[in-house]
Every structure is written in C-alpha cells, then in structure tokens.
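>>> The following comprises the amino acid sequence and a computationally predicted model.
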Number of protein chains: 2
Amino acid sequence: MTIQESTAEMLPDLEEVLKDLVNQHIPSRYSGMKEMIAYHMGWQSQNGSKNTQGKRIRPLIVLLATQLCGGEWQKALPAAASIELLHNFSLVHDDIEDQSEFRRGQPTVWKLWGVNQAVNCGDAMFSLAQISMLHLGIKVNPMVAYEASVLLNQTCISLTGGQYLDMSFESRDEISRDDYFEMITGKTAALMGASAELGAIVSQSSKMNRNSLRTYGEAIGIAFQVWDDVLGIWGNEQKTGKPVSADLKDGKKTLPVVYGFENNPAIIELMRNTEKDDESIARLIMELEKIGARKYAENVAQYYSNLANKALLSLTNINSEGLQVIKELTAQLIKREN
Amino acid sequence: MTIQESTAEMLPDLEEVLKDLVNQHIPSRYSGMKEMIAYHMGWQSQNGSKNTQGKRIRPLIVLLATQLCGGEWQKALPAAASIELLHNFSLVHDDIEDQSEFRRGQPTVWKLWGVNQAVNCGDAMFSLAQISMLHLGIKVNPMVAYEASVLLNQTCISLTGGQYLDMSFESRDEISRDDYFEMITGKTAALMGASAELGAIVSQSSKMNRNSLRTYGEAIGIAFQVWDDVLGIWGNEQKTGKPVSADLKDGKKTLPVVYGFENNPAIIELMRNTEKDDESIARLIMELEKIGARKYAENVAQYYSNLANKALLSLTNINSEGLQVIKELTAQLIKREN
C-alpha cells in the first residue's frame, strides 16, 4: 500500500466518526454551536464561505502508527478523531489569540461569530475531543481509554504552555533559538508525539515502542513546524492560502527570523517595525537570504526528519508494510507546498 | 458531625490537592501561566489584588456525596479537585465572554493579563481538571476514573451549551421561562448534578443511587442559581462583592426579570434600555416587586430545594450521619447572603 491508498481508505471513515460525534453529543437545542463546529471542520458553508478541511495529518499518524504496531486502524478511530478535534479546538482559540482573520483562505470562527462565541465553541470542541478518546473504552477497553486520556491531557498542558510562551515572546524584540525550540516543542511537537504514541497505546504494544513512536512524532512535529515557517515566508500564496510573507508582516518569530536575530543585527531592527510596507518586507527577505536563513531552516527540517526515521528503526514486532507507508508520510511532510 | 465540621475537615485537604496538581503539572518554564491560575484560585496576590477563594461548594458536594454512599471522602479528592478546576476554568472564560471586570471584588484574569492569555489560561485549567479526574485511576481504579471522566465531559458539553444559549439570549429583547430553565440547566444544574453523581461513582454505589444523586444535584443547582439571581438584584454589596443590582445594569435575563417579561410589559421596555441610570434601575426594581417577582423566585428556589431533599429519600444503603450533613448543606444554599 502507498500513503495515497492508506489516506484514501482511512480518511473517509475518520470524517464519519468526527461527524457522528458532533451529531450525537451536541443536542439540537445548541444548533448554533453545532454550525460553528461544522464550519470550522470544513463541512458546512457560512455566509457564502465554505471553509475547506484541514490536512488531517495528526489523525493519519494515529491510524498509521496503530497499523505499524500490528493493531487494527479501525479501532484507533476514536483516538484519531480526538486528536483532530483537539488540534482544531486549539486552532479556534489560537486564531482569537493571534487575531488571525483568515484560515485556509476563509474567515475564522471569531471573525464570523465574534470572540465570545468562538471561545465557547472551542471549549465545546475540547470536550468532544475528550469524549472521543474515552470511546476507546468501548472500542478497545477502559484501561486503554484511561491511558490514552492521560496522554491526551498531558499534551494539552504542553499545547497551552507553548502558546503561553508564544504570546509572551510577542512583547520581546528578540528571542533565542532555545526559546524557539521550547515554544514549538509545546505548540507542535507534543501533539504529533502523542499522535504517534497513541498508535502504540491502542494496539497495546510495548513500552519501548511507545517511547520510540513518541520520539518519532516529536521529531516530525519539529520538522513540520520548521517547514511551515519556511512556507510562511517563501511559500506560494495560491497553495498555502495565506498572503505572501504573512508571517513577516505579523511579526512572527519563526525559525528563519530567530536565526537572523543571531546572525544579522539588521533583522532585529527590521522586525521591530510594526507597520511593515512591501519595501521593508522585501528588504527583510533579502537580509534573511543573505545569511542563508532559508537554507538553515530547511536543513533543520531535514535533520529532524532524519531523526524521525532513525526512531522508527528501534521499533520491534512491527508490520513491515506499515513501516513503508509511515516513512512515505514522513518524507512528504517536509516537501509539502501547503 | 455538622456541615461546619465537615467543611473544616475536608476543605484544607482539597486545597492541598489543588495546589499540588498545579505545581506538578505546570512546568516552571510556564511560570506566568501558573501565576494566573494561582491568582484566580485565590492563592496569590497580583499588583496588590489578592483574589479571594470561591466557596468550593461543588467539590464539597462531591466529598459529602461520597461519604453519604459509604465511601471514604479522601479517595474522592481528585474528583472534587477536578470539579472545582472545571468550574474555575469556566469562570475564567465566562468573565471574558460576559466582559466582567471584577469577580469576588477583584479584577478578573482577562482584566489583568489580557483576553488572549486568559483564554489560554482557562484552557490549561480545563486540562488540569481532566488530569485530576484521571488520578482516580490511582486512588480508586482505572474503571472508576474512566466512568468519572465520561461524566465530566458530558457535563462540559452541557456547560458550553448553556453558555451558548446565555450569549444567544443577549441579543433578544425577551426570553421565556422555558428558555431560562434550559439555559441554567446547562450552565449550573449539570455541574452540580455531576458533582453529586460522582460521589456514587467513586464509592462504587448502585446505579439507582447514581440517578438519585444526580437528581439531587441538579435540583440544588437550580435552587442555587435562582437564589443567585435574587442576590444579584437584592443582595448586599458588602456580602456579594458585586455592585448593587449589577445584574440589572448588565441586562442579565435572570429569573425575576424573565418572570417580569411575562407579567409586566413595562419590564421589557425598561430592560431594553442599555444605558441604565440609578433612576431606571430603581424603577425596574419597583416594577419587579409590584408583580411579586422576588417572592416568585424565592418560591422557585424553595421548590427545587425541597425536590432535592426528596431525591435524597430514595437513596439506599447510605451513611445516616452523612445524610444529615448533606441536608444541612442543602438548606444553607438557599439562605446564603453571598
């Protein structure tokens, strides 16, 4: 099987589980809340805006990691749905916190329904994520549901901690690479690490496999985020759905910029300017390229991608076809254009 | 034992568990987030503001209900802490959503740290609530932790649903009593119902006792909220920590007002005015008293309080001393002045 074939087989079932969850657990008297969730998940249009679905990478990792450990991926669907809902709850709140008006080219939930309803809608999605994970109690057994829920919530603490750092950094002129990696470890790597680890939990694989899969997931999480940083500056607007160099305009302290802080003082000055016009953005990009910031970030992404593949080598008693598929996914994550 | 003696015995242990939870699960690199939580929980002052602790009524219900069912209340401490954290997470977000600048006479979290950090801080508290409930897996057994977590998250859906309705009602001139009860069933009764039901879950009591305790908790939840509505209009500022008639100024659709909509058209007109001066507030209070809205609300609170006591009668195999204590608590809830 190829990664395309696995995706085509797994994702429609995942979407079914996600929709059932919303329909069964949000009563019709809260229909407006249901609408917001359906819009954010990309199932329903609103005022002419049809939000598109995300890439569902995290739940795919859960399902592929389960298969890799010899488990049935169908049994892991509640865990995969949980991770996707958790990710989306955090996007709804992050969009508020970052004042992002668009996501995937469409207005964000707070932009359409206001901050107050969006905060509350995110909370409901967070609860649904928990309920979905607990469904493992029926699909597998309560002990597995319990262990998976413990992991889920430790991951939530990392997510909020990473977001806390991210917001704290906004008021600082410069941050170090250590600061940056601490922040993305919480914001991105923890959830990808948990996604992979869940595969071992659901398939009741060994403690050692759990650790190796977590390492794998965290490494691809960092590679994924760093690649995202590269796309946020040099990506193609048509493909990313974000305006060109949006991250620079927003003053985001992404890896190329953080590398710039350490290697080119002009970048600190240019980033400090909060009203950046096209000329100062062009100047920033030039200064970043002068010191090889793009190449540096691409190398970091490649390094963590290799690290992820190494972690896969230490797994034992695994399904060899599953290994091939997950390696393909890993390779794709840092070649993607959106 | 009296309710005072039980409270004096139980609450210091609860506070210990709550503080340990925060200290053990929020790493020091997120120290600012820890500060916000400690401030909101009333453990730490901030810029001269020492936030006072809440009344801890919900965790007390968890502990008393456990004892009532013949369980050791100490084993229920993770569940009690979880409920208190869930309640406080929802307060942090509600204060944002209601634009409330003060709570218990002190500035709210969003007022001190901004909306963005407050949204994220609430999310972290939500995660801590989940982690605490899962600790029942160690204190009792994983099956109990699993059942308790399922209940916790069903309750979260009710909370967010009730809050969704509350916000939706803001834009309407009037709402019916049915609307009102639907809203407070989600916002207040569900969590109190879950608190009491948890006592039966932790002590592994019968399914019938679970149901009776849920009914008990939901009924005191409604009585509690309706009494709160009365205090929000006629309460003593020194005791409630809220300005006199704050709920009327804020245009809140509390039960006396909703009763007024149905019985005195002048109230619809008076409530519609968004800039209420002291004179129009005085006029509103007069119109409410003219139709007996205060008496009506007090009777409703008493009715649900009686219903709660009736639910206690259907419990079997219980600790009779525990029954006396929980009845005392019930009686106090609708005579309180803050």
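That came in fine, so what should we check first? Numbering: from 1, shown residues only, chains lettered A, B, ... in the order given.

>>> what about the strands in the stretch 51-200 of chain A?
With DSSP state E, counting those that start in this stretch as the criterion, the stretch 51-200 of chain A has strands at A:102-103, A:106-107.

>>> whoops, the stretch 201-338 of chain A was the one
Going by DSSP E, counting those that start in this stretch, the stretch 201-338 of chain A shows no strands.

>>> Just the closest residue of it to chain B, please.
Ranked by CB to the nearest CB, the top residue of the stretch 201-338 of chain A for proximity to chain B is A:Ile201, at 13.2 Å. Where you see a C-beta, it was placed from the backbone N, CA and C, and this is true even at glycine.

>>> per-residue pLDDT, that residue?
A:Ile201 is assigned 98 on the pLDDT scale.

>>> Ok, the one 5 residues further on next?
Each residue has a pLDDT score; the one for A:Ser206 is 97.

>>> list the contacts for it?
A:Ser206 makes contact with A:200, A:316-317, according to CB atoms under 8 Å, 6 or more residues apart in numbering or on different chains.

>>> Ok, A:Ser176 next?
A:258, A:261-262.

>>> In a markdown table, list these along with distance to chain B and neighbour count.
Output for the contacts of A:Ser176, formatted as a markdown table (distance: CB to the nearest CB, whole Å; neighbours: other CB atoms under 10 Å in any protein chain shown):
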| residue | distance to chain B | neighbour count |
| --- | --- | --- |
| A:Val258 | 17 | 25 |
| A:Phe261 | 20 | 19 |
| A:Glu262 | 21 | 14 |
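
>>> before we move on, back to that, relative to chain B, which of the strands of the stretch 51-200 of chain A is closest?
Among the strands of the stretch 51-200 of chain A, strand A:102-103 comes nearest to chain B, with 16.6 Å by CB to the nearest CB.

>>> partners of the closest one, with directions?
Neighbouring strands of strand A:102-103 in its sheet, by DSSP bridges, are strand A:106-107 (antiparallel).

>>> Tell me where the stretch 201-338 of chain A is predicted with low confidence.
For the stretch 201-338 of chain A, the stretches with pLDDT under 70 are A:241.

>>> returning to what we had before: by neighbours, which of the contacts of A:Ser206 wins?
A:Ala200 (24 neighbours; other CB atoms under 10 Å in any protein chain shown).

>>> pretty sure it is touching A:Val62, no?
No. With contacts defined as CB atoms under 8 Å, A:Ala200 does not count as touching A:Val62, sitting 10.4 Å away.

>>> on that earlier part again, contacts only, for the residue of the stretch 201-338 of chain A closest to chain B.
Contacts of A:Ile201 were listed using CB under 8 Å, 6+ apart, and they are A:79, A:144, A:147-148, A:151, A:210.

>>> biggest separation within these, which pair?
Farthest-apart pair in the contacts of A:Ile201 is A:Ala79 and A:Arg210; separation 13.5 Å (CB to CB).

>>> For these two, indicate the residue with more neighbours.
Each of A:Ala79 and A:Arg210 has its neighbours counted (other CB under 10 Å); A:Ala79 has more, 32 against 19.

>>> can you pull out the helices in the stretch 151-300 of chain A?
Here the stretch 151-300 of chain A has its helices, by DSSP state H, counting those that start in this stretch, at A:177-184, A:190-202, A:207-234, A:237-240, A:246-249, A:255-263, A:265-272, A:278-290, A:293-313.

>>> what's the most buried one of these?
helix A:190-202 (a mean of 28; mean count of other CB atoms under 10 Å in any protein chain shown).

>>> Restrict the helix or strand harbouring A:Ser6 to CA atoms and write it as CSV.
Assigning secondary structure by DSSP states H and E places A:Ser6 in helix A:3-25. What follows is helix A:3-25, C-alpha atoms only, in CSV (Å, rounded to 0.1, in the frame of the first residue of the first chain):
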residue,chain,number,x,y,z
ILE,A,3,0.4,6.6,1.5
GLN,A,4,-2.2,7.7,-1.0
GLU,A,5,-4.0,4.4,-0.8
SER,A,6,-3.9,4.4,3.0
THR,A,7,-5.2,8.0,3.1
ALA,A,8,-8.0,7.2,0.7
GLU,A,9,-9.0,4.2,2.8
MET,A,10,-8.8,5.8,6.2
LEU,A,11,-9.8,9.5,6.0
PRO,A,12,-13.5,8.9,4.9
ASP,A,13,-14.0,6.7,7.9
LEU,A,14,-12.4,9.3,10.2
GLU,A,15,-14.6,12.0,8.8
GLU,A,16,-17.7,9.8,9.5
VAL,A,17,-16.6,9.3,13.1
LEU,A,18,-16.0,13.1,13.6
LYS,A,19,-19.4,14.0,12.2
ASP,A,20,-21.2,11.3,14.3
LEU,A,21,-19.5,12.6,17.4
VAL,A,22,-20.7,16.1,16.8
ASN,A,23,-24.2,15.0,15.9
GLN,A,24,-24.6,12.6,18.9
HIS,A,25,-23.1,14.8,21.6
